[in-house]
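> give me coordinates for this.
(2 chains)
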There are 2 protein chains.
Amino acid sequence: MARIVMKFGGTSVADLDRLRNVAARVQREVEAGNEVAVVVSAMSGTTNQLVGWCQGLSSLHDAREYDIVVSTGEQITAGLLAIALQTLGIEARSWAGWQIPIRTDGAHGKARIEAIEGQELIRRMGLGQVAVVTGFQGLGPDNRITTLGRGGSDTSAVALAAALGADRCDIYTDVDGVYTTDPRIVPRARKLARISYEEMLELASVGAKVLQTRSVELAMKEQVRVQVLSSFQDLPGTLVVDEDEIVEKEIVSGIAYSRDEAKLTVRGVPDRPGVAAAVFGKLAAENVNVDMIVQNISEEGMTDMTFTVGETDLPRAQAALSAVQPEIGYAELLADINVAKISVVGVGMRSHAGIASTMFKALADKGINIQVISTSEIKVSILIASEYTELAVRSLHTAYGLDAS
Amino acid sequence: MARIVMKFGGTSVADLDRLRNVAARVQREVEAGNEVAVVVSAMSGTTNQLVGWCQGLSSLHDAREYDIVVSTGEQITAGLLAIALQTLGIEARSWAGWQIPIRTDGAHGKARIEAIEGQELIRRMGLGQVAVVTGFQGLGPDNRITTLGRGGSDTSAVALAAALGADRCDIYTDVDGVYTTDPRIVPRARKLARISYEEMLELASVGAKVLQTRSVELAMKEQVRVQVLSSFQDLPGTLVVDEDEIVEKEIVSGIAYSRDEAKLTVRGVPDRPGVAAAVFGKLAAENVNVDMIVQNISEEGMTDMTFTVGETDLPRAQAALSAVQPEIGYAELLADINVAKISVVGVGMRSHAGIASTMFKALADKGINIQVISTSEIKVSILIASEYTELAVRSLHTAYGLDAS
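I've put the predicted structure just below:
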C-alpha cells in the first residue's frame, strides 16, 4: 500500500471520454490498495478561452479578477472527475484550492504555494476517499483565489505530494516519459527510465516541456519521487529521483533545445568597472531574465557584450537598454531572434572530461557555427543559428551515443 | 442617492460586447450617485454546457460535485464584469458566494439562502466600490459551494437587496417587463406597469419565466421593491410591489402556461386511510414537488390518484413510486409528459365570481378537454394536452379582455 498523488494535464481531461479514462486509471490504483489524491488541470482549450476573455476586455486587467475567472477551469474538471469516479463506485470528492486550503502568497496570476493544510485530506484518504484537487490555484492572504501561472498544476501536484508525505507523484501527460531528446526531431531518441532532479531541471528549463521548472525545483527540495507517464498508453514512464538513486549514470542524459531565445549584442561598450552592472542591473529591474552572457576581449578600451533573453522579453529588453544608452555610452544595440540554444545535459559530466570538445567537433563536422557558449556543472549550452536546430540535435544525439539501437 | 442591486441574467452577459453594455448601465447608476451591487448569472449557454457534462458522466451525479462544476459559470461572469467596470474607471471587485459569504442550507443543487453577511459590502459600497456578486450560489454548512437551482440568481439578487437594505432591486433580463401573457404566443399581450407580489408569484410559478418563484416569495416577505427591466432597451419596466401600492386592480392580470409538467396516475389504489400519505410522503422524501392533485371517487374500494410533477422530477417520482408498490399495492402507474398547465391569475378574483366558468366556457368553445383543475385564492389552473397550449392561452387572453387595443 502506498500513498500517491496522480496529476493529469489538460489533454488528458479534454473531454468526457478522457475523463472516464482518467477515472479508470485512478480506479486501478485504488484497487491496488493505494491511497490516492488526484490533481487536475483545466480541460485543454478552456484556460485559453478564459484568458482570451480577460484580455478581450482589457490588456491590463486586474490579476485578482483574472484569477477568479481562470481558476474555474480546474474547478470544473475536479467536480467532473469526482462524478466520474463515483460512477465507478469509488468514493471521491473534489477540493478547490481554497477549500483545503492551499495557501499561496499574494502574487495574483503567478502566486507561489506557501503551505498546504493536508491533515483532513490524509484522514479521508485513510478512509478510502479519493481527493480530487484543483491544480494551478490556491488561496491568497486576501482570501481571494490565486493562480500559479501557466503549467502550475505540476507544481500543485508536487507540493501536495510533499504535504501529504506521498510515496510518489505520478504526472500523467501526453508524452510517455522523458526522452534523450525530442522524438519529433530524432526518431531514435530513447526514453529514460530514470533521471535526476538536476538533469530534469536543466532539461525542463531549456525547452523539453515535460514538467514545469518550478515543480522540479520543488520536488528536488522536498525529495518527492516524480514519475512522468502517458495518460493514453500503458507504458513504463520516467522516474525523476535523487541522483543517488541512479546507479548507472550516463555521462550525457539528454539533448535539449529552445528556439524561444533572442540574442542581444551591445557593441562598443566602454570597458570600465560598473558597465556590466549598469546593463544587467537595468534588465533585472525590468524583470528580464538574462541567460547566456559573453564579453569579448577589450580593444582600445571598448568591448562588446552578447547575451540571450527570452524572445517574449526582447521588446522590454530593447526598451530598457535604449533608455540607458546615454548613461552607458555604447555604440550600437543589435538583436537577433533567429537563434536556438542547444544544451547537452548529464550528471556524469561532473566526473568526465571532453564533453564540450565532443560537442564542438560534432558541430564543426556539420559546418555549424557556434555563436555563444555557456557551461554549468552538468550542462553545456551553445547558441547557433536556428535553422541548424534539427541538424545539431541529431548530430549531438549520435555523437554522444544516445541513439536507440 | 440610493442603494440599489442590479441583476443581469444569462442573455444580458452572453458575450464580451454585452458585458460592456452591462458595465455601461452600471456606470450610469454609479454616476447618478448610487451605491451599487451587481448580481450576475452565467453567460447564456454556459450553465447548460456544465450541466450537460455532469449528466453525460452520470444521470445520478453527486449534487455537491454538480454544484462546484455549475457554479463556475457565475464566477467567470463576475470576474469579467469587474474587469469591464474597471476599464471604465469604476472601482469594482468580484465576490464569489463563498467569499461574502452567502450562507445557505446544505441542500446541494437547490439550496436556500439562510443569511448574507453584508457589512463588508455595505462598507465598500459606501466608499464607492461596486460589488459584483455571483448569483445562484452560496456556501453550505459543509464549507462547500451550493447552488440555488435554475433561475436562482433572481433569488440571490433579492436576498442581497434585503441584506443590504437596498432601496430597489432591478432585474435586467431579455424581456422588458411582465406581460399579461407570453408575447411570443399572443402578440397583443400588454406590459403591466405594476403587479403585486402575489400575482407575480402565481405567474412565476406557472411558467411566465420572468422571475424565479422563490425570488418573488422572498421579495414579498422582505418587502423588497423589484423592478423587471430590459437589458437591451431603455424602456420603463414592471414594478413588483405590495398589493396596497396598486390602485387600479385588474380582475385578471395575466395568463401563464407551463409545458414542463408531467402527469402521473396511480391506478387501482386501495381506498383506505394512509394511502395518500404513503404516496405523497414517499415523493416528499425524494424531494419531488407535487403540484396539482385529484383523486377519483372510490369504486369497489379502489381509487385512482392523478397528480403533476415537474418533468425533470419524473424519473425520480417513478422510481420512488415503484419502490413503494409492494407496500401500497396499487395496480398500475401511468405517466404522461404531453401535458401543459394553463393558469389565469389576478388579485381581483378575491372579490369577483365567475372567473373559472369564463375559463371553462372559452376552452370548451375551442374543443379543449380539461384533464385536471386546481384553484387558489387568486388563480385558476387547468391541465390540458400540450398541443393545445397556444390555442388555450390565446383564447383565454381574449376571453378576459386582456388583448391590447
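> what does the stretch 101-250 of chain A put close to chain B?
A:Asn143, A:Arg144, A:Ile145 (Cβ under 8 Å from any Cβ of the partner chain). Every C-beta, even on glycine, is put in place using the N, C-alpha and C of the backbone.
> contacts only, for the second one.
It refers to A:Arg144. Residues in contact with A:Arg144, defined by Cβ atoms under 8 Å, 6 or more residues apart in numbering or on different chains, are A:Arg64, A:Asp67, A:Ile68, A:His108, B:Gln99.
> can you list the domains in chain A?
A:3-174, A:244-405 (automatic domain parsing).
> start to end distance for the shortest one?
Spelled out, that is domain A:244-405. Terminal residues of domain A:244-405 are spaced 27 Å apart (Cα to Cα, to the nearest Å).
> what's the answer for the longest one, then?
The first and last residues of domain A:3-174 sit 24 Å apart, counting by Cα to Cα.
> quick one: average pLDDT of stretch A:356-368?
Per-region confidence: stretch A:356-368 scores 93 on mean pLDDT.
> which outside residues touch it?
A:344, A:370, A:373, A:375, A:380, A:382, A:384-385, A:388, A:391-392, A:395-396, A:398-400.
> export that stretch as CSV, just CAs?
Only the C-alpha atoms of stretch A:356-368 are listed here, as CSV (Å, rounded to 0.1, in the frame of the first residue of the first chain):
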residue,chain,number,x,y,z
ALA,A,356,32.4,20.0,-24.6
SER,A,357,35.1,19.1,-27.1
THR,A,358,32.9,16.2,-28.4
MET,A,359,30.1,18.8,-28.9
PHE,A,360,32.3,21.3,-30.7
LYS,A,361,33.7,18.6,-33.0
ALA,A,362,30.3,17.2,-33.9
LEU,A,363,29.0,20.6,-34.8
ALA,A,364,32.2,21.6,-36.7
ASP,A,365,31.8,18.4,-38.8
LYS,A,366,28.4,19.7,-39.9
GLY,A,367,29.6,23.2,-40.5
ILE,A,368,27.6,24.7,-37.7
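> can you show me the strands along the stretch 1-150 of chain A?
Taking DSSP state E, counting those that start in this stretch as the criterion, the stretch 1-150 of chain A contains strands spanning A:3-8, A:35-40, A:92-95, A:102-104, A:113-116, A:130-134, A:137-139, A:145-147.
> still on that earlier bit, quick one: which of the contacts of stretch A:356-368 is most hemmed in?
Highest neighbour count within those: A:Val344, with 30 neighbours (other Cβ atoms under 10 Å in any protein chain shown).
> beta partners for that one?
Following DSSP bridges, A:Val344 is listed with bridge partners A:Ile255, A:Val380.
> quick one, phi/psi of the residue of the stretch 301-405 of chain A found nearest chain B?
When distances are taken as Cβ to the nearest Cβ, the stretch 301-405 of chain A reaches nearest to chain B at A:Thr312, 22.5 Å away. Dihedral angles phi and psi of A:Thr312 (degrees, to the nearest 10) take the values phi -70, psi -20.
> what's the closest non-adjacent residue to it?
A:Asp260 (7.4 Å; Cβ to Cβ, 6 or more residues apart in numbering or on different chains).
> one step back: neighbours of the residue of the stretch 301-405 of chain A closest to chain B, how many?
10.
> can you check the one 3 residues further on too?
The burial count assigned to A:Pro315 is 12, neighbours taken as other Cβ under 10 Å.
> what residues sit buried inside the helix or strand that contains it?
Assigned by DSSP states H and E, A:Pro315 belongs to helix A:314-323. Within helix A:314-323, the residues that qualify as buried are A:Leu314, A:Ala317, A:Gln318, A:Ala320, A:Leu321, counting by 16 or more other Cβ atoms under 10 Å in any protein chain shown.
> in CSV, list the residues you listed along with pLDDT.
As requested, the buried residues of helix A:314-323 are exported to CSV (pLDDT from 0 to 100):
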residue, pLDDT
A:Leu314, 94
A:Ala317, 95
A:Gln318, 95
A:Ala320, 93
A:Leu321, 94
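> quick one: pLDDT of the residue nearest to A:Glu377 when sequence neighbours are not counted?
Closest residue to A:Glu377 apart from its sequence neighbours, by Cβ to Cβ, 6+ apart: A:Arg350 at 6.1 Å. Per-residue pLDDT puts A:Arg350 at 83.
> surely A:Arg350 meets A:Ser376?
No. Using Cβ atoms under 8 Å, A:Arg350 is not in contact with A:Ser376; the gap is 10.6 Å.
> sketch out the low-pLDDT regions of the stretch 301-405 of chain A for me.
Applying pLDDT under 70 to the stretch 301-405 of chain A flags no residue at all.
> tell me which of the domains of chain A sits most buried.
domain A:3-174 (a mean of 22; mean count of other Cβ atoms under 10 Å in any protein chain shown).
> run the chain-centre distance for it.
Using Cα atoms, centre = their mean, to the nearest Å, the mean C-alpha position of domain A:3-174 is found 17 Å from that of the whole chain.
> who's in contact with A:Val380?
Counted by Cβ under 8 Å, 6+ apart, A:Val380 has contacts A:Ser343, A:Val344, A:Met349, A:Ile355, A:Ala356, A:Met359, A:Ile373, A:Ser374.
> cool, A:Leu81 as well?
A:Val13, A:Leu19, A:Val22, A:Ala23, A:Val26, A:Val38, A:Val40, A:Ala92, A:Ser94, A:Val132.
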